[in-house]
Structure formats: structure tokens, C-alpha cells
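Participant: Starting from these lines, generate the structure:
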Amino acid sequence: MHAKDILIDAYGRIQEEVHATVDGLGPDVLHARPAENANSIAWLIWHLTRVQDDHIADAAGLDQVWLSQGWEKRFGLDLPRRDTGYGHSPQKVAKVRVESADLLTGYYDAVHEQTLGFLRGLTAKDFERIVDERWDPPVSLGVRLVSVLSDDLQHVGQAAYVRGLLQSAVS
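Facilitator: Below is the predicted model:
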């Protein structure tokens, strides 16, 4: 099995978890926060998608789906155009509001398709290419892809946990 096939499978699992986490949720639950300074499900899913979109597009030399496919306008958030949610205060987390889970999954699916298209074209040598020299040691494409994968899995896990907390509170 080639490394790209493992990554394709792994990124597919993120997609499955994103859908499972928001399936059937309305705006009230998507925006609920278990504590004043906690993140909402909507923010967590939006953020993990923005990170994947931003980082993969940068590494692949592609435009972000957020901008190129009009997702920024569909969301209509009161945030800077290229904001990924990194370092958001509780006040900025509260600005990430969506009408439905379909908006979140639609954006995620579009980013996922761009990610898969990029991954499918990789060769073993590509994973060694340096994509970010701001770090010591510089970050290779392989390391960046695993980093995004790890970040996304952590955030979708957090969103699933918040869903469980909220559902148990009403049971």
C-alpha cells in the first residue's frame, strides 16, 4: 500500500466523522457551548475544515475552496476572509453561526474533494518536498499532511464529545 492510499483512507474517516457528528442537529445544538469559553460544534467543524482547506491548498499550490467556490459568501461570517479560527477568542467563536448542518458538511465535502484530488496525484518523492520553511526543521509535505490529519481528528472528536454532552444534558 502506498502512503497516499493510507492518507486517502484517513481523510475519508474525517469526512465520515464530520457527517456523523452533525447529522440531525439544528442550529440551537450546533451553536450551544457547554461552557462560556468552550467551542461550539459549528465552530469546531468550521475550524477543522478551514484548517484543512488553508493548509492543503497552500501545500498543493491551489486556491482555497472557501474563496474559490464561494463558501465564504454562503457562510457570511463577520470575520476576515482568510480567517481559519486559529486563536479565536470566545467572542469570535460566537460569530461562527450557520443555518444548518448541511452548510458545514457541504463545505467540508468540497474541501475533502480537493484534498483527495491532490492526494491521488502524489508520488512517494512528493512527501519529502519542503512546504514550510518557517519551522526548524522545515516542514515536509508528508509531515504537513499528517499534521492536518491529526488536528482535524482532534477537532471532530471534540465536536462529537460536545454533541454527547449536550444530548446527555437533555436526556
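
Participant: the longest helix in this protein is where?
Facilitator: Assignment by DSSP state H gives helix 141-170 as the longest helix of the chain.

Participant: contacting residues around Gln114?
Facilitator: Gln114 makes contact with 53, 56-57, 60, 62, 65, according to CB atoms under 8 Å, 6 or more residues apart in numbering. C-beta here means a position set from N, CA and C on the backbone, and glycine is covered the same way.

Participant: Could you rerun that using 6 Å?
Facilitator: Gln114 is in contact with Val65, counting by CB atoms under 6 Å, 6 or more residues apart in numbering.

Participant: Hey, what's the angle from the host helix or strand of it to helix 141-170? Just curious.
Facilitator: According to DSSP states H and E, Gln114 maps onto helix 101-120. If you take axes from the mean of the first three to the mean of the last three CA atoms, to 10 degrees, helix 101-120 sits at 160 degrees to helix 141-170.

Participant: Need the CA coordinates for helix 101-120. CSV is fine.
Facilitator: What follows is helix 101-120, C-alpha atoms only, in CSV (Å, rounded to 0.1, in the frame of the first residue of the first chain):
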residue,chain,number,x,y,z
ALA,A,101,-25.6,21.3,9.4
ASP,A,102,-25.8,21.0,5.6
LEU,A,103,-23.8,24.1,5.2
LEU,A,104,-21.0,22.7,7.3
THR,A,105,-21.0,19.3,5.6
GLY,A,106,-21.3,20.9,2.1
TYR,A,107,-18.2,23.0,2.8
TYR,A,108,-16.3,20.0,4.3
ASP,A,109,-17.2,17.8,1.3
ALA,A,110,-15.9,20.4,-1.1
VAL,A,111,-12.6,20.7,0.8
HIS,A,112,-12.5,16.9,1.0
GLU,A,113,-12.8,16.5,-2.7
GLN,A,114,-10.0,19.0,-3.3
THR,A,115,-7.8,17.2,-0.7
LEU,A,116,-8.5,13.8,-2.4
GLY,A,117,-7.7,15.2,-5.8
PHE,A,118,-4.4,16.4,-4.5
LEU,A,119,-3.5,13.2,-2.6
ARG,A,120,-4.3,11.0,-5.6
